[in-house]
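[1] Make a model of this:
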Amino acid sequence: MGELDHVKELIKWGTDYMLKTFNASAPSIDLVWGQVGTGGIPGDTTPNDHYCWERPEDMDYERAAYSCGACSDLAAEMAAALAAASIVFKDNRAYSLKLVDGATVLFAFARDRRGRYVKAIPDAETYYNSTGYWDEFIWGAAWMYFATGNSTYLKLATTEGIAKHAGASGGWKFYGVFDWDNKLTGAQVVLTRFFKMMSPGFPYENVLNQYKNETELIMCSYLPQYKVFNQTAGGMMEFNYGAPQPLQYVAANAFLAALYADYLSATSAPVWPCGPNFLPKKVLRDFARSQINYILGDNPAKMSYVVGYRKRYPIRVHHRGASIPRGRTSRGCTTGYKYRDTKSPNPNLLVGAMVAGPDNRDRFADIRYNYNFTEPTIAGNACLVAALVALSGGDDKGVDPNTIFSAVPAFFPNSPPPPAPWRP
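    Numbering: from 1, shown residues only. Next up is the predicted model:
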């Protein structure tokens, strides 16, 4: 595709930002900066990021920065991101090591100072609530292990008590749904990859085998024939149980389904078990493709929910910068309301943005102020891009089985040296 350098540049923009949110050069830290700006509560008329409608470059009200001294979920998630990125940048040794060092400090902070970030930053609870941090412990430990090869992290990721606290045995409402609050499913999937491709033995195999078994069940649960999740008449799976803004969940779990199909290909496994049946891996890719095609326009509304893709897509996206004409000032908290509330199309095309999506009856309202339909999010777009990449390149391409584990030591004895050349 020729986009690798561009993608790495985008990743580095994010990791550079993260490295500025804590003292990345210190051996230990006691706080992380977790939020800039205030969302406020519904009905609040104090100038804040929701009440005001201004372009980012025109914001003229005070925007506080919030730190947290006990935020295991946030810090472990950041550690996972930096650790994963260090693998991407392994050809830039200095920067890769800088990311690993930062991730190490963050993960130690997450483990030492237990707490949910919304307790320290209550404003975040309304918008991105965190229900726990045990899933981030497994997620963060997995990526720390892949980045460093330090078995301490693998031991933590496979500790039975931590797996139990994270809910790894299932039985709760959002079990199996990968999203910004639940990293457990992603952790189980990526650790199943490790289990299948690296075959570690004692003492890791019992919990890793549990993760593999649960991952297989989760993949089965995604399929409409098992009716674990509802499916709209138009074909969209309701991974958020009919709540608004469904597409970020659709994209995230379509991505995992396609990714797991790649794992099966890479390990030469043509099928996986669903109860008494064995289903071909193609079923997973077909499912993932059906969900992404729904997002791209194969739906009752015949609407692409990605701005700029196909002929019909949302034109009144809930986005301040896109809604205010170029060259027009938006200074003043409420000055931009006339642009927010107009029925005119956005003057600036937010190409590639995936909006929140339709309701559970496949209906979509292209109304700018109704964020439940028209708001794009970074979380949603990240999952969409991941799913599109996972579905590209053919159904049997598999994945590179080696690069992600390049720092991981082998789990079998080294081969003995060759014998000395024979001489008469």
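[2] All the strands of the protein, residue numbers only.
    Ranges of strands in the chain, per DSSP state E, are 32-36, 65-68, 271-274, 277-280.
[3] where exactly do the helices run in the stretch 151-300 of the chain?
    For the stretch 151-300 of the chain, the helices defined by DSSP state H, counting those that start in this stretch occupy 151-157, 160-165, 184-198, 205-222, 247-266, 281-295.
[4] could you dump the strands of the chain to CSV with distance to Val408 and mean neighbour count?
    No exception for glycine: its C-beta is placed from N, CA and C like everyone else's. Compiled in CSV, those are given as follows (distance: least, CB to CB, whole Å; neighbours: other CB atoms under 10 Å):
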stretch, distance to Val408, mean neighbour count
strand 32-36, 28, 18
strand 65-68, 32, 16
strand 271-274, 24, 16
strand 277-280, 30, 12
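[5] Mean neighbour count, the helices of the stretch 151-300 of the chain: which tops it?
    Stretch with highest mean neighbour count among these: helix 247-266 (a mean of 25; mean count of other CB atoms under 10 Å).
[6] could you check the angle helix 184-198 makes with that helix?
    Computed with axes from the mean of the first three to the mean of the last three CA atoms, to 10 degrees, the direction of helix 247-266 lies at 10 degrees from that of helix 184-198.
[7] which helices and strands sit right next to helix 247-266?
    When contacts are defined as 3 or more CB pairs under 8 Å, 6 or more residues apart in numbering; DSSP states H and E, helix 247-266 packs onto helix 184-198, helix 205-222, strand 271-274, helix 281-295, helix 378-391.
[8] pLDDT weak spots in the stretch 251-400 of the chain?
    Screening the stretch 251-400 of the chain residue by residue with the criterion pLDDT under 70, one finds the ranges 330.
[9] Identify whichever of the strands of the chain lies nearest to Ser323.
    Distances from Ser323 to each of these were compared by CB to CB, and the smallest falls on strand 32-36, at 21.6 Å.
[10] What pairs with the closest one, parallel or antiparallel?
    Partner strands and pairing direction for strand 32-36 (DSSP bridges) are strand 65-68 (antiparallel).
[11] picking that back up, rebuild the helices of the stretch 151-300 of the chain as CSV, extending it with distance to Pro273.
    Rendered in CSV, the data for the helices of the stretch 151-300 of the chain read as follows (distance: least, CB to CB, whole Å):
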stretch, distance to Pro273
helix 151-157, 24
helix 160-165, 21
helix 184-198, 13
helix 205-222, 6
helix 247-266, 11
helix 281-295, 12
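[12] Go through these and name the closest to Pro419.
    Among these, the nearest to Pro419 by CB to CB is helix 184-198 (29.0 Å).
[13] who are the neighbours of the closest one, in terms of helices and strands?
    Checked by 3+ CB pairs under 8 Å, 6+ apart, helix 184-198 has helix 134-148, helix 205-222, helix 247-266 packed alongside it.
[14] tell me the average confidence for the first one?
    The average pLDDT for helix 134-148 rounds to 99.
[15] Looking at the helices and strands packed on helix 247-266, spot the one closest to Arg423.
    Taking CB to CB as the measure, the helices and strands packed on helix 247-266 were each checked against Arg423, and helix 184-198 came out nearest at 39.8 Å.
[16] Now do that closest one and helix 205-222, the angle between them.
    Between helix 184-198 and helix 205-222, the angle formed by their directions is 120 degrees, by the same axes, to 10 degrees.
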